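Chemist: Okay, here's the prediction I keep looking at, along with the sequence it came from:
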Amino acid sequence: MLNSVTPWTATVQADIVNASLLHEMQLSHYNLQFYNAGDSIWLTVQWPDAGRIAFRMAFGMNSVFYKADLVTESKQIVINASTRLGRYTITVSFPESDPPVIRYTTQFTAAFSLLIPFWPRDIVPLTADGRVENTSGIIHTHQVGSRSGHIYFSMTKPQNGSVFYFQNLSAMSHYCDASETSLADTVGGKWPEIGFEFPVNKEKPIPENVEFTISDAFIILNENIVKDDLQATSEFLNYLAVLYPHISKPEISYQDWPCIAEKVLEQLYLNKGCWMMANDSPYLNAYVQDYKTPAEIMVQLAVKLPLHEYLVWSENSHPLYDDLDKGLEQFYDERVKSVVRWHPALVDQLDKSEEQKQEMVMDSWYLHHPLLNLARLAHRGDKKAEKLFLNSVDYAIKAAHHFDYDWPVFYKMTTFEVIKAETAPGRGGEKDVPGSYAHVMLMAYKLTGEKRFLTEAKRALKSLEGLGFDIFYQANNTAFSAGALVELYRETQDEQYLKLSYCCLAGVFKNVQLWECDYGYGKNFPSFFSVFPLNDAPYTAAYEEFEVYAALHHYMEVTDGIDILPSLKILIPEFIKYAVSRLAFYFPPLLPAEMIAEEIKTGQVQKELWVPLEDIHDGWENSGEVGQEVYGTGMSFGVIPRQYFRIKALDAVGFIDYPAVNFRFGKTKLTFRLTGNPNFKASMRLQGLSKSALSKVKVEVKQASKYNEIKASNDNKFEFAGDSSIRISW
């Protein structure tokens, strides 16, 4: 069966056969040829003893390239081409990496102000002598919405190999700002018309004589066709890590999280819009000024746990914690012997506008998330949380057995009646729930020592096998699942659990935005390395982003000393570094008022209140339209114990923007180790010290077998390579 194609693809094969060959070269096992085919400048890649794939480096629009001069320079090729419409400069380079990488960057200068109403995709599979539409391939993953501009595919007819293609979308921000276009959903397509579809401007013309980058593509070639989900997900992570050093990255800005936390703590405690009452106990609203929705257990625990972490770290107490603790046991329902989502005394307020807004209707992930936080509090010595957890955990097991470890989206807690079976037709239920359930079981096992919980975790995790990228349902739960899997690996030494953790993490990193949206409102907030909460979510969300950050921190701690994929030692610490710099911009006082939505779905937005917006959108859209999420305030407390350390002897505080492990405090020194990769940098600040006190502090990094002193820059910042051992003495 032939694939359907448009005229811009149907003629490519013949166009290239009849085109002018500009240059030919060898890259590793691949033969590269450059062509001027009239309306397009092409790069074709010939696999050894197999087919070819063509990459359209420039498109002439309604014109032909009357000029295309190619010059080979040191380590790169430059093509200067022209049509009646404008000038193009194509720079092809070959960054040093293993496997080899091809990069082509195309810049366009219009001869006059013009609109661009159409642009074809830039990847076309070819055959030796057949037709393009007779080829076939498998697309393993591609860009959705504003996520990274990637497509990963294998060409199976003819049997060719695999390609990982990545557009550095940051480079096109200048064009999008001028033309008021978006880079969402630009990399993808349907076989055989795939790749990057340049964002067309049908309304606002681009100016003449201004150079715009219109493509910045990276290509990684592989002679093998991907065989299974474990290979696909591991190679995806590896390819991202190979490209990461070569893509443009924004500067890191330091955020004063202790100052932010104090503002949040004060305002959250005093602002009436954040609270409701039930049975003489105070409860946090999910959203500011949302009094219609009953109190939810997840909301209370999403703030209580990180607040507990922060108060222990700071050796302080606060009445906010006491308020959160006061009525927590009221969420326990004797009818099902478990905590429930909605406060039982307030269920009459549920308006039934959504499936879950009904008494005793449970969203599958929503049962396990509060249980996880109760277990974490229990491990930190909270006896009330321990009692609630142990009294509820058997219900979770009962539900798991009823659904045979294959949970639906919504079900009735009292009867297990399925209210909604699938996330979308044919997609199944919430596929990462077995991972979060297993995490609950592991926490129960650590708390009680009962082997039945360990057995439950193993049984549940079998449900993740064969899913690959499809494990991902909700970002935070998938990331926590990765941690559970690696903990079980440490317990059992079964490599399958470690490999499944890579599937979870590939799902997370498939859903990140590895580019900076520097157009429209996007100029006001950093977006590089942000993560989306769901596969199809149109925005990033504060609560899920923070929990992914916390889960990846946990993953690096649990895997310390384990030989994990080297790519993860690049991607996870770098994600954490950018998250610590970026997450503060969910708080509306750091955003211009004009970018915040006026019409709010839930509650109200108080623009001076240090409670985060739920949602940050593409640069051309207002943000905060979902509401100001009270349960997202936990991030202000949770960042501090993970990135800051106290030096009590000096009455000082240190900040490090990478995940660090093995802190050892002595009377006159402190040692710790950074995770990560030596090719990437982490930074540290020492705060609360006078200049004279700082001059008496020695900071050293271990190189080979001895420590060497390093000095701070003018802004009291120390820089270290990843995977370093650090010593601070005084």
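Modeler: Arrived safely.
Chemist: got the buried residues for the top strand by length along the chain?
Modeler: Longest strand of the chain, by residue count under DSSP state E: strand 211-222. Neighbour counts using 16 or more other Cβ atoms under 10 Å place 212-222 of strand 211-222 among the buried residues. Any C-beta I mention is one placed from the backbone N, CA and C, and that applies to glycine too.
Chemist: What pairs with it, parallel or antiparallel?
Modeler: In the sheet, strand 211-222 lines up against strand 101-110 (antiparallel), strand 159-167 (antiparallel) (DSSP bridges).
Chemist: Looking at those strands, which one is packed in the most?
Modeler: strand 159-167 (a mean of 24; mean count of other Cβ atoms under 10 Å).
Chemist: Name the surrounding residues that touch that strand.
Modeler: Here strand 159-167 makes contact (Cβ atoms under 8 Å, 6 or more residues apart in numbering) with 47, 50-53, 123, 125, 148-155, 186-187, 195-196, 215-226, 235-236, 239-240, 243, 247.
Chemist: quick one: Ser20 and Phe509, what's the gap?
Modeler: Between Ser20 and Phe509 the computed distance is 41 Å (Cβ to Cβ, to the nearest Å).
Chemist: returning to what we had before: just the ones in helices from the contacts of strand 159-167, please.
Modeler: Under the assignment DSSP state H, these contribute 235-236, 239-240, 243 to helices.
Chemist: and which of these is nearest Phe587?
Modeler: The closest of the ones in helices among the contacts of strand 159-167 to Phe587 turns out to be Leu240 (Cβ to Cβ; 29.2 Å).
Chemist: Report the lowest-confidence entry in the buried residues of strand 211-222.
Modeler: Among the buried residues of strand 211-222, Asn222 carries the weakest pLDDT, at 91.
Chemist: my read: that one touches Asp98, true?
Modeler: No: Asn222 is beyond contact range of Asp98, at 11.9 Å (criterion: Cβ atoms under 8 Å).
Chemist: follow-up on the earlier one: which of Ser20 and Phe509 has more residues huddled nearby?
Modeler: Per other Cβ atoms under 10 Å, whichever of Ser20 and Phe509 has more neighbours is Phe509, with 26 against 11.
Chemist: helices and strands around the strand or helix carrying the more buried one, which ones?
Modeler: Element membership for Phe509 (DSSP states H and E) is helix 495-510. Applying 3 or more Cβ pairs under 8 Å, 6 or more residues apart in numbering; DSSP states H and E, one finds that helix 495-510 makes contact with helix 229-243, helix 475-492, helix 542-558, helix 568-582.
Chemist: For those helices, could you give me JSON lines that also reports distance to Val661 and mean pLDDT?
Modeler: As requested, the helices and strands packed on helix 495-510 are exported to JSON lines (distance: least, Cβ to Cβ, whole Å; pLDDT from 0 to 100):
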{"stretch": "helix 229-243", "distance to Val661": "20", "mean pLDDT": "97"}
{"stretch": "helix 475-492", "distance to Val661": "14", "mean pLDDT": "96"}
{"stretch": "helix 542-558", "distance to Val661": "6", "mean pLDDT": "97"}
{"stretch": "helix 568-582", "distance to Val661": "11", "mean pLDDT": "98"}
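Chemist: Could you export the ones you listed as JSON lines, including mean neighbour count and distance to Leu284?
Modeler: Listed next are those as JSON lines, based on neighbours: other Cβ atoms under 10 Å; distance: least, Cβ to Cβ, whole Å:
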{"stretch": "helix 229-243", "mean neighbour count": "22", "distance to Leu284": "37"}
{"stretch": "helix 475-492", "mean neighbour count": "25", "distance to Leu284": "18"}
{"stretch": "helix 542-558", "mean neighbour count": "24", "distance to Leu284": "13"}
{"stretch": "helix 568-582", "mean neighbour count": "23", "distance to Leu284": "23"}
